[in-house]
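In: Build the 3D model from these lines:
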Amino acid sequence: MPDLPRLPLPIVLVGPMGAGKSRVGGRLAASIGAPFVDTDLRIAERYGPIEEIFDREGEEYFRIVEREVVAEALREEAVISLGGGAVLHDDTRDDLAALPVVWLKVSSTAVAPRLAGGTRPLLADGGLERWAALLEARRPIYRAVADFSIDTSRRSVARIVDDITGHFGGSP
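Out: Next comes the predicted model:
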């Protein structure tokens, strides 16, 4: 069995919804032999579907729960995918300052089919226009926390994983 690339862990993926954080994160984790943590999935496992949390408790409560799950995940030696808005919390941004962070970018043209038919609560009213507004508001934060960025719009997951691994010095 060949040696797997070594990367600093945790390594964190940030970016807007639909950028491919879960797909890229899962493939990156497999390629380096590390666990994968999707904080949105972890929230759903513990508290129920995210859209139901928004409906039942509101966004403010969701952000509190999200912060708890993110803080826990960032202590694990894993590839970690954060929900698009997780970077809004000051403490999360402080935690990310000491970690390798990859910002996955995506164009609105490429993201439209990825989001079609979804149940994402922040897109319930406004669709793609709402997505673009959220991205515009969060872009400076993603830029500030990221050590590396890569556009996922027209790249294969395998190529993206190779680029991330190469950037962070992953070598067998």
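In: And Ala44, how close does it get to Ile53?
Out: Ala44 sits 8 Å away from Ile53, going by CB to CB, to the nearest Å. For the C-beta atoms, the positions are set from N, CA and C on the backbone; glycine is no exception.
In: So which of these two has more stuff around it?
Out: Ile53 (19 against 15; other CB atoms under 10 Å).
In: does the closest residue to that one other than its chain neighbours count as helix, strand or coil?
Out: Using CB to CB, 6 or more residues apart in numbering and skipping residues adjacent in sequence, the residue nearest Ile53 is Phe62, 5.0 Å away. Assigned with DSSP: H, G, I helix; E, B strand; the rest coil, Phe62 falls in the helix class.
In: ok so Val161 is a strand residue?
Out: No. According to three-state DSSP, Val161 belongs to no strand; its state is helix.
In: any idea how far it lies from Val24?
Out: Taken as CB to CB, the span from Val161 to Val24 is 6 Å.
In: Likewise for Gly169?
Out: Gly169 is 18 Å from Val24, by CB to CB.
In: who has more neighbours, those two?
Out: Per other CB under 10 Å, whichever of Gly169 and Val24 has more neighbours is Val24, with 24 against 11.
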